[in-house]
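**Student:** The amino acid sequence is not available; the structure is as follows:
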């Protein structure tokens, strides 16, 4: 049987789909992406922040009050390059494409996906607002999801929009919340497989709730998507590599470079992503501090 050569462009498309489907945090925050030019590590990009307005009470004797739409911006440093490089032998190229996806691409992109999620979650260090989760035990059995009421109060006081609020917690708090009847009544939500699997409860006290293992034990963060931004730009294609491709997908960019290692007589496929994160508005998020005896 002749070897089946898989072009880097095909690999890149497969890789991007895997990265997005395996992410929990990425679909929940603001994403900024521009495929028109390449960037280098350490470069900064400008991210627009939406204009804000004030609703004035109308008086017929005075008339309307005109307000200028003034957008502001912030800079995000693209300081992270996440890379997975894999040697591929001639024998490997005889695999079926589906096997190549499951055995090579999916595990590689899962590793990058976890890095992206963990990177976004480091932004909770910027958040000064916090609520302490209550302790739950067999004797008192208060509703564990009631803590979201306090989180919602903090965000509402900060004039955070009620729409699209989400909360992400660790697996221990998530397990406690999943046992509550309120979460059991909710249908699975989320636009990707990972979001549906991580989903705990929908529109419970104003939040869609998810869980992740990329956050500290007994901790969580409730936020509006406009609190954080994830920015990504394509890395420049290397001049010395003829088999290279950059593919863009839903605000993500993965570069795939295939080169031949003559020393070991094998191809090396390298997948990498250039990205950065930043807190846009710290008042639009609140940290949930849990207790070890709360589960």
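**Tutor:** Looks like it arrived, so ask away. Just so it is clear, the structure is predicted and the values come from calculations on it, not from any experiment. Numbering: from 1, shown residues only.
**Student:** Now do the SS call for residue 45.
**Tutor:** Under the three-state scheme (DSSP: H, G, I helix; E, B strand; the rest coil), residue 45 adopts strand.
**Student:** Any idea what it is bridged to?
**Tutor:** Note on residue 45: beta-bridge partners residue 76, judged by DSSP bridges.
**Student:** Distance from the chain centre to the stretch of helix or strand residue 149 belongs to, please.
**Tutor:** Assigned by DSSP states H and E, residue 149 falls within helix 147-157. Centroid separation for helix 147-157 versus its chain: 22 Å, with CA atoms, centre = their mean, to the nearest Å.
**Student:** And the next helix or strand past that helix?
**Tutor:** Downstream of helix 147-157 (by DSSP H and E), the next one is strand 166-169.
**Student:** circling back: who are the packing partners of the helix holding residue 149?
**Tutor:** Helix 147-157 sits against strand 130-132, strand 207-211, strand 219-223, strand 285-289, with contacts defined as 3 or more CB pairs under 8 Å, 6 or more residues apart in numbering; DSSP states H and E. For the C-beta atoms, the positions are set from N, CA and C on the backbone; glycine is no exception.
**Student:** Could you tell me the angle between the direction of the strand with the most length in the chain and that of strand 219-223?
**Tutor:** With secondary structure taken from DSSP state E, the chain has its longest strand at strand 266-279. If you take axes from the mean of the first three to the mean of the last three CA atoms, to 10 degrees, strand 266-279 sits at 70 degrees to strand 219-223.
**Student:** now strand 266-279: mean pLDDT?
**Tutor:** Average pLDDT, strand 266-279: 92.
**Student:** Check which helix or strand the residue in the chain sticking out farthest from the centre maps to.
**Tutor:** Computed with CA atoms, centre = their mean, the residue of the chain farthest from its C-alpha average is residue 61, at 49.5 Å. Taking DSSP H and E as the definition, residue 61 sits outside all helices and strands.
**Student:** Relative to residue 79, how far out is residue 44?
**Tutor:** Residue 44 is 9 Å from residue 79, where distance means CB to CB, to the nearest Å.
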